[in-house]
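**Q** What would the 3D arrangement of this be:
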Amino acid sequence: MRDWGKEKTAADAGTEAKELEILAKDWDWHVRRAVANNPGVPIEILRDLAKDQIQWVREAVAASPRADGEILDLLSVDGDGFVRAAVANNHAASPEILEDLYEDETMDFDCSLSKNRYIVQEAAAKNPRAPEEAIRTLSEHADEGVRAAAVSNPSVPQDVLFKRRIDHSWAVRTAVAKNPAVSVEILDYLAADRIQDVRVAVARNPKTPAESLASLAADRDVEIRAAVASNPGTDPATMKVLSRDWAWKVREWVAKNPATPEDLVRSLAEDVDQSVKKEARARIEG
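**A** A predicted model of the protein is given here:
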């Protein structure tokens, strides 16, 4: 039977190193994993746990922000794909390690998507420290999940984002629209995308130009108009239009948005919908 109290102690950042050393040798791998996940775990303990016989413990070590190059180098050639994926996802992983891992074609079935996923390549593609060559290569991958991961990377080159704005997969185009580094030109282009998820991503991006937001404010889809209403870059004129939207969800976001002019917030404080009224009055009362 799992000892939840012991696991809690093992995960507590305030637990002393001597106690963590004992817990790291516990018979229950759940406890050992909790030690590996501890934000204050000493590096010496992580080194020992990196050789644990249970993959879930090694995976926790591989994901730890405290893991150093020696540990990550060891686990980058681990026999388990989930462990290698955790290394690839660790922002402390060196470009040299990521250069090896981006060619790792290990797959695992994702029940939520009912498809196989390249778990290591997706992780490597998202890592900001991945070499440019790796990002470029993975952005051309046959699998949409890997391409989407590559274009979500904040270090992705602009020409890659520009090319992938016309990717046949809406998941990839959505990832492009969500990237903080995406250009205004690309956002303008994707604002007219036929897929709702892509337009929602554009509507939420704070870099989207006011003109495109005004256009999206007239979209037939409520989720898109609500996304525009939540965007701090939406101009007052567009906010005024959205404050009269028939959908309460849109008006509620207008009331919530810190950029909404005070006069609109006060008008929404008298809205017929209780949720809208509540948000507006909360803004007024501070």
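**Q** residues contacting the nearest residue to Lys25 once chain neighbours are set aside?
**A** Using C-beta to C-beta, 6 or more residues apart in numbering and skipping the chain neighbours, the partner closest in space to Lys25 is Arg32 (7.7 Å). Glycine gets a C-beta too; all of them are placed from N, C-alpha and C. The contact partners of Arg32, by C-beta atoms under 8 Å, 6 or more residues apart in numbering, come to Ala10, Leu23, Ala24, Lys25, Asp26, Leu49, Asp52, Ile54, Val57.
**Q** Same question for Ser169.
**A** Here Ser169 is in contact with Glu144, Arg147, Ala148 (C-beta under 8 Å, 6+ apart).
**Q** will you turn those into a markdown table that also has neighbour count and secondary structure?
**A** Compiled in a markdown table, those are given as follows (neighbours: other C-beta atoms under 10 Å; DSSP: H, G, I helix; E, B strand; the rest coil):
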| residue | neighbour count | secondary structure |
| --- | --- | --- |
| Glu144 | 16 | helix |
| Arg147 | 25 | helix |
| Ala148 | 25 | helix |
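**Q** and the one helix or strand in the chain whose mean pLDDT sits lowest, what does it pack onto?
**A** Using mean pLDDT, DSSP states H and E, strand 107-110 stands out as the lowest-scoring helix or strand of the chain, at a mean of 90. Counting contacts by 3 or more C-beta pairs under 8 Å, 6 or more residues apart in numbering; DSSP states H and E, strand 107-110 is packed against helix 81-89, strand 115-118.
**Q** most tightly surrounded among these?
**A** helix 81-89 (a mean of 24; mean count of other C-beta atoms under 10 Å).
**Q** which residues are in contact with that one?
**A** 55, 58-60, 62-63, 72, 75-78, 93, 97-98, 101-102, 104, 106-108, 119-124, 126-127.
**Q** what's the nearest residue to Glu223 if we skip its chain neighbours?
**A** Here the residue nearest Glu223, using C-beta to C-beta, 6+ apart, is Val200, at 5.6 Å.
**Q** what are the phi and psi values for Asp52?
**A** phi -60, psi 150 (degrees, to the nearest 10).
**Q** neighbours of it, just the number please.
**A** By the criterion of other C-beta atoms under 10 Å, Asp52 has 18 neighbours.
**Q** do Asp219 as well
**A** 17.
**Q** quick one: Ala24 from Glu185, how far?
**A** From Ala24 across to Glu185, the span is 52 Å (C-beta to C-beta, to the nearest Å).
**Q** follow-up on the earlier one: tell me which element the residue nearest to Glu223 falls in.
**A** helix 196-204 (DSSP states H and E).
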